[in-house]
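> Dropping the sequence and predicted coords here.
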Amino acid sequence: MIEETVSIEQLEKLPIFHGMTPDERQQLIDIAGTMEFDPGEVVLQQGRRSQNLLVVLEGRCQVIKEVGQAARHSFVLAELGPHDHFGEMSFFKAAPHSASVRALTELKLLRIERKDYDVLLNRSSLAAYKLAFNILDELADRLRRMDGLVSELMLDDQQARHVSEWSSFREKLFKGWNL
C-alpha cells in the first residue's frame, strides 16, 4: 500500500496514470508501494533482474550505462526527476536491466511489481491495459527521439565517415542485434 503522504491527486499528475478513472487509478494504487533511497544508493543494477516499474515521486536519480569488459566505462544516459519512470523494459519483458540507476538526492519512488500487475491483467482490468498503453506511448516517443538523433548524426558532415556504422546501428535498433 502507498504511504498516506501520496494522494490520488498527486498520482493523477503522473503521465502513466493519464486517462484513467479514479477507480482505475485506485486499482493501481492498491498494488503499488513506495521505496526510499539515500543519495548514492543504487536503485537498479545493470545486468541484474527484477520486474518493477518505478516512478520518481520525489528527488533525482541518474541512469548510468556501463560498457566495456575489463576496463568498464560509465556514461550517464539521463537524469530523472519527479513524474519520470524507469524499469519499464524489464517490467514488460523479463530481461536483465540494460542500465543502472543511482539516487542523486533523497529519492522516493512508486513501485509496481510485475507479479501484482499480472493479477490485474488476469482480471482483464482496464487499469492494467491503460498503464501499458501510457508507457508504450512514452517509449514510442523515446524511440522517435532516438531515430531523429541517429538520423542527424548520419547527416553531420563531420560524421560522414561513420554513416555506414550509424546505418548498421539504426537497422539493429529496428530489427534486432542478431543480424
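Alright, I've got the coordinates.

> When you work out contacts or count neighbours from here on, use the C-alpha atoms and nothing else.
Will do.

> burial measure for the closest residue to residue 12 other than its chain neighbours, as a count.
By the measure of CA to CA, 6 or more residues apart in numbering, the closest residue to residue 12 outside its immediate chain neighbours is residue 18, 6.7 Å from it. Residue 18: 15 surrounding residues under other CA atoms under 10 Å.

> ditto for residue 68
Counted with other CA under 10 Å, residue 68 comes out at 8.

> Give me the phi and psi angles of it.
For residue 68, the backbone dihedrals are phi 90, psi 170 (criterion: degrees, to the nearest 10).

> got it, and residue 18?
phi -60, psi 150.

> and if you look at residue 82?
Dihedral angles for residue 82 - degrees, to the nearest 10 - are phi -50, psi 140.

> Please report the distance of it from residue 22.
21 Å (CA to CA, to the nearest Å).

> higher neighbour count, those two?
In this view residue 82 and residue 22 are compared by other CA under 10 Å, and residue 82 has more residues nearby, 16 against 13.

> For that one, report the pLDDT, please.
On pLDDT, residue 82 comes in at 93.

> Residue 109 versus that one, what's the distance?
Distance of residue 82 to residue 109, given as CA to CA: 9 Å.

> what touches both of the two?
By CA atoms under 8 Å, 6 or more residues apart in numbering, residue 82 and residue 109 have these common neighbours: 55-58.

> Show me which pair in those residues is furthest apart.
Within those, two members stand farthest from each other by CA to CA: 55 and 58, at 9.2 Å.

> list residues touching both of these two?
Shared contacts of residue 55 and residue 58, defined by CA under 8 Å, 6+ apart, comprise 82, 109.

> More neighbours: which of those two?
Comparing residue 55 with residue 58 by other CA under 10 Å, the one with more neighbours is residue 55, at 25 against 16.

> Show me what the more buried one is bridged to.
Counting by DSSP bridges, residue 55 forms beta bridges with residue 85, residue 110.

> likewise residue 76?
Going by DSSP bridges, residue 76 forms beta bridges with residue 64.
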